[in-house]
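[1] Dropping a prediction and its sequence here:
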Amino acid sequence: MGKKWGHYKAGGRSQPVPCIYCGRLTPRIKAIVVHKGFRIDPKIPGIDRRRVFTSGIKGYACISCAKHRGLI
Ligand SMILES: [Zn+2]
C-alpha cells in the first residue's frame, strides 16, 4: 500500500492556465493565446501588473474575456 495515491490521468493536454485578465483558470485548449503587445487594464482587481509586465511574452485569456475584448 502507499503506491497508488491520487488517480489522475497523466497526459496534461488540458492543463489549466490563468486568464491574464480575470485570473480565472481556464483549460488551455479553451484559452486564447495573447501575445505581447496587448493592453492590460490595471483597474482589474486580482491582477498583478508587475507579473503581467515581466512575463509579458505570452499569456492566456479565457473565452469570456477574449470575447469581451474582441480578441476572437
Ligand atoms: Zn478571463
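    Arrived safely.
[2] Tally up the residues packed near Lys58, please.
    The number of residues packed near Lys58 is 11, by other C-beta atoms under 10 Å. C-beta here means a position set from N, CA and C on the backbone, and glycine is covered the same way.
[3] Then Pro45?
    Neighbour number of Pro45 under other C-beta under 10 Å is 6.
[4] Now do the SS call for it.
    Classification of Pro45 by DSSP: H, G, I helix; E, B strand; the rest coil places it in coil.
[5] Can you classify Pro18 by secondary structure?
    strand.
[6] which non-adjacent residue is nearest it?
    Closest residue in space to Pro18, ignoring its immediate chain neighbours: Leu25 at 5.8 Å, by C-beta to C-beta, 6 or more residues apart in numbering.
[7] which residues does the one you found contact?
    Listed by C-beta atoms under 8 Å, 6 or more residues apart in numbering, the contact set of Leu25 reads Pro16, Val17, Pro18, Cys19.
[8] Quick one: which of these is the most crowded by neighbours?
    Counting by other C-beta under 10 Å, top hit in the contacts of Leu25: Cys19 with 23 neighbours.
[9] close enough to count as contact, that residue and Lys30?
    No. In this structure, Cys19 is not within contact of Lys30 by C-beta atoms under 8 Å, at 10.4 Å.
[10] which residues do those two both contact?
    Counting by C-beta under 8 Å, 6+ apart, the residues touching both Cys19 and Lys30 are Cys62.
[11] confidence score at the residue nearest to Pro18?
    pLDDT for Leu25: 95.
[12] Distance of it relative to the ion?
    10 Å (C-beta to the ion, to the nearest Å).
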